[in-house]
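Based on what follows, work out the 3D shape:
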Amino acid sequence: MLAGCSRDQGGQDARSDAGPARAPIVTISADQAVSPVPPWRAPAVEVTDANAAKLRRQASAALQAGNLFDDASGAIPLYLALRAHKSDDAATGQGLQRAVTALVKQGDEALQRIDDDPLSLRRAHEVAAVARVVAADDDRVTAYLERLDRADEAQEANRLGENALNADRLGEDGPGAIGHFREALRLRPGDVRAMQGLAASESTLIRRAELSASADDYETAARWLDQAAKVRPGFPSVDDARARIAMQRVVRVGRLRDLGIAALTREGGIDDARGYLATMLRIAPAADPASAELRQRIDLATHYGLFRPGQVLTDGIRNGGRGPQMVVIPHGAFRMGAAEGEPGGETERPARNIRFERGLAVSRYEITVGEFRRFVQASKHRPRATRRGYSTAYDERSGNFVRSGNVDWQDDYAGHPAADSMPVVHVSAKDATAYAQWLSEQTGQRYRLLSEAEFEYALRAGGGGLYPWGAGAPPPNSGNFTGSLDASPSGRHWRNAFARYGDGAWGPATVGRYDANAFGLHDMAGNVSEWVADCWHDTYRRAPRDGEAWLNPGCRSRVVRGGSWASSPNEMRSSWRTSGEANATSARTGFRVAREI
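Just a heads-up that it's a prediction; the model follows:
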């Protein structure tokens, strides 16, 4: 039996072109139908007193060779002729009994080969024709004929099932293909043809579910899958189909959300976005977050335009998935740098007023190992530490940062494999810039590193104090800082730390573990320091007044902002800044990105 079914999944947004379900085509070849087997007649064998002994030896040899009845040289024709010549010969009777035993065995072997060679069913019938002539009343023959009858009935049930399957009469709610195939299995447990028929029936139901899903009718798709699950309980096919359709639903809902958001950027696109939302509400699961997001976006667009301060957004990546979560920070003004009387040096002065006339989206968290991994795998970019074979990592034994071989972006602060949820470290400023460029190419939006002014504005989040949180020790759970209560794995403590503060971490912590600042951003100070776009300049004299990055062609040193998990309290100040060679990598420095809106 050849069973085939199509699983073509359409990906168009217009779903009116979904055609009817196509049943698997099951072809019954000629060798599966048993033509009538005529009654068997024993070939004539002439027996005389002179040749009887010779013929008895020939019969024994034929029996030994398995040549039972196909011609006059077979064991059974010879024994029958010998018995007719001399009916009371004991050796002949015993030989004939052995031949009957071998005959039934050949018949059973033929029945067992039906799954691999349908022609063997005819052989089984030929054996039965001989058995009826030779020993019709023998209990062994009677039992064999019953087994043959069940095999015939199973084959007939299979034939009826295949015809019903070709006619798309599955019988999921009544008589049909599934019932016939189950009857075949009842008659002949393990029948491969019947099991293939059930698999084809299951595939047809799954195909119906897929076509319903392609037409955005996920309720009907679920009903078809429920029916399919009853066909072959315990097999993974239906669970796999459920997972595929569930993912298709997620992708479809996400696509509608993206279309709705895109519509909001066009003049008069609110009505289009409402149409997409109506479809989402019809097909999405209850309380689906994507539907809620688009509804909120439509409400906001109606009153406030496309974006709002505090909004969290992600962009679709062309290669699949979503980009990092971005938070829209409000436009506004702040005073950048260290004021007179603050402990900052000349590198943080002169302080100046900066105004941003437009909001900006900033990644909610530092870029993670998992996000950077997607970039490396998709772009084939080879980060600096990978190419040169080492980075600067923390050594617990000495308590120092040392050069460590075979350490790169895939590792944590101590050079061990890092979880995907950890902020990526051991990356250079050029690696960070390459990631932002890749995001831009993948999303069609402009991603980049923050400028130094943007970073300090986002870090302060409307505050003007010495530290991002104001003055004094950090509030509980405000970030991963050097606290006197922190301890390393071997019991080390910081020599210069915030008194009576502990954050439960030694080394970077998972992104999002600590409280966000007033703009909704996590770890702007603490956790890891971050590369920004600016070239390093010793002071702010002649720095841009509009908050743009201060760049020089071919600059070798870049600005690093925001204290890390291993920074002293002085380096946690809002205005603190330092320089780093553009190709440098360490266990204390990562990055985040900005997206223009």
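
Of all the residues in stretch 284-295, which ones are buried?
Of all the residues in stretch 284-295, those buried under the rule 16 or more other Cβ atoms under 10 Å are 284, 288, 290-291, 293-295. Using the backbone N, CA and C atoms, a C-beta is placed for each residue, glycine as well.

Contacts only, for the closest residue to residue 346 other than its chain neighbours.
Closest residue to residue 346 apart from its sequence neighbours, by Cβ to Cβ, 6 or more residues apart in numbering: residue 539 at 5.5 Å. Residue 539 makes contacts with 346-347, 349-350, as judged by Cβ atoms under 8 Å, 6 or more residues apart in numbering.

Mind splitting this structure into its structural domains?
Domain ranges of the chain: 1-235, 238-306, 332-383+419-596, per automatic domain parsing.

would a markdown table of those with mean pLDDT be doable?
Supplementary listing: the domains of the chain in a markdown table, determined by pLDDT from 0 to 100:
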| stretch | mean pLDDT |
| --- | --- |
| domain 1-235 | 86 |
| domain 238-306 | 87 |
| domain 332-383+419-596 | 96 |
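
Quick one, which of those domains gets closest to residue 397.
Among the domains of the chain, the nearest to residue 397 by Cβ to Cβ is domain 332-383+419-596 (7.8 Å).

now do the same end-to-end measure for that closest one.
Its first and final residues considered, domain 332-383+419-596 spans 15 Å by Cα to Cα, to the nearest Å.

Tell me the gap between that domain and the middle of its chain.
How far domain 332-383+419-596 lies from its chain's middle: 33 Å, per Cα atoms, centre = their mean, to the nearest Å.

Now do the residue nearest to residue 346 against residue 404, distance only.
Residue 539 sits 35 Å away from residue 404, going by Cβ to Cβ, to the nearest Å.

from what I can see residue 543 touches residue 535, true?
No: here residue 543 lies out of contact with residue 535, judged by Cβ atoms under 8 Å, at a distance of 10.9 Å.

hey, what's in contact with both of those two?
Counting by Cβ under 8 Å, 6+ apart, the residues touching both residue 543 and residue 535 are residue 550.

ok so, going back, of the buried residues of stretch 284-295, just say which sits nearest to residue 500.
Ranked by distance to residue 500 (Cβ to Cβ), the buried residues of stretch 284-295 are led by residue 293 at 41.3 Å.

Let me see the contact set for that closest one.
With contacts defined as Cβ under 8 Å, 6+ apart, residue 293 is in contact with residue 257.

before we move on, back to that, wait, a strand at the residue nearest to residue 346?
No: assigned with DSSP: H, G, I helix; E, B strand; the rest coil, residue 539 falls outside any strand and is coil.

Give me the distance between it and residue 175.
As judged by Cβ to Cβ, residue 539 and residue 175 stand 89 Å apart.

With residue 255 instead?
Residue 255 sits at a distance of 41 Å from residue 175 (criterion: Cβ to Cβ).

More neighbours: these two, which one.
Legend: neighbour count by other Cβ atoms under 10 Å for residue 255 and residue 175, higher for residue 255 (16 against 11).

I'd like to know which elements the helix or strand containing that one is packed against.
Using DSSP states H and E, residue 255 sits in helix 237-263. Under the contact definition 3 or more Cβ pairs under 8 Å, 6 or more residues apart in numbering; DSSP states H and E, helix 237-263 sits against helix 192-214, helix 218-229, helix 270-283, helix 289-304.

returning to that earlier point: dump the domains of the chain to TSV, plus distance to residue 316.
Below are the domains of the chain laid out as TSV (distance: least, Cβ to Cβ, whole Å):
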stretch	distance to residue 316
domain 1-235	14
domain 238-306	6
domain 332-383+419-596	7
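
I'd like to know which of the ones you listed lies nearest to residue 321.
Closest approach to residue 321 among the domains of the chain is made by domain 332-383+419-596 (6.8 Å; Cβ to Cβ).

re earlier: to residue 417, which of the helices and strands packed on helix 237-263 lies closest?
With Cβ to Cβ as the measure, helix 289-304 is the member of these nearest residue 417 (31.5 Å).

that older thread, need the buried residues of stretch 284-295 in a markdown table (columns: distance to residue 54).
Below are the buried residues of stretch 284-295 laid out as a markdown table (distance: Cβ to Cβ, whole Å):
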| residue | distance to residue 54 |
| --- | --- |
| 284 | 88 |
| 288 | 89 |
| 290 | 90 |
| 291 | 92 |
| 293 | 96 |
| 294 | 96 |
| 295 | 99 |
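
which of these lies closest to residue 378?
The shortest gap between residue 378 and any of these belongs to residue 290, at 23.7 Å (Cβ to Cβ).

quick one: the closest one and residue 271, what's the gap?
19 Å.

what does residue 578 give?
As judged by Cβ to Cβ, residue 578 and residue 271 stand 52 Å apart.

Have a look at these two and say which one is more surrounded.
Comparing residue 578 with residue 271 by other Cβ under 10 Å, the one with more neighbours is residue 578, at 15 against 9.

What strands line up against the host helix or strand of that one, and which way round?
Assigned by DSSP H and E, residue 578 falls within strand 577-581. Applying DSSP bridges to the sheet, strand 577-581 is found paired with strand 557-561 (antiparallel).

what's next to the strand it pairs with, contact-wise?
429, 452, 455-456, 459, 529-536, 576-582, 589.
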